[in-house]
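**Student:** Let's see this in three dimensions:
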Amino acid sequence: MNAEELSQKAFQLLKEQAKVRPYEPRIWIALGGYTNNLISFTADSKQREALHQEAESAFEKAYQLSPRRPETFMEWLRTYVLSQDY
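**Tutor:** Numbering: from 1, shown residues only. Alright, predicted model coming up:
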């Protein structure tokens, strides 16, 4: 498996875990982080935008659950850098 396939697999597993444990901020942070990985592998602009929105939602949820985690902000910032939305 390459990095893109591993990121896709992690993305799917974390989405399932978010349904099972929706109040665990680490799951949302990891989900956003792996979504960022998928953004970096994707060339299609519409798919990148959809992934950007997915990452944004994950980080918003992580922030609501635990607003003082610095890793939330670091990965959230990466979303904007990858999407070239600054």
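
**Student:** CA only for contacts and neighbour counts going forward, please
**Tutor:** Fine.

**Student:** show me where this structure has helices.
**Tutor:** Secondary structure of the chain, counting by DSSP state H: helices at 3-20, 25-41, 45-65, 70-82.

**Student:** Just give me the residue right at the centre of this structure.
**Tutor:** The structure's the chain has its C-alpha centroid closest to G32; by CA atoms, centre = their mean the separation is 1.4 Å.

**Student:** and it, how far is that from F11?
**Tutor:** Distance of G32 to F11, computed by CA to CA, to the nearest Å: 9 Å.

**Student:** again with A3
**Tutor:** The value you get for A3 to F11, if CA to CA is used, is 12 Å.

**Student:** Please identify which of the two sits among more neighbours.
**Tutor:** Neighbours were counted for A3 and for F11 using other CA atoms under 10 Å; F11 has more, 21 against 11.

**Student:** in terms of contact, does the more buried one touch T35 like I think?
**Tutor:** Yes: using CA atoms under 8 Å, F11 is in contact with T35, at 6.5 Å.
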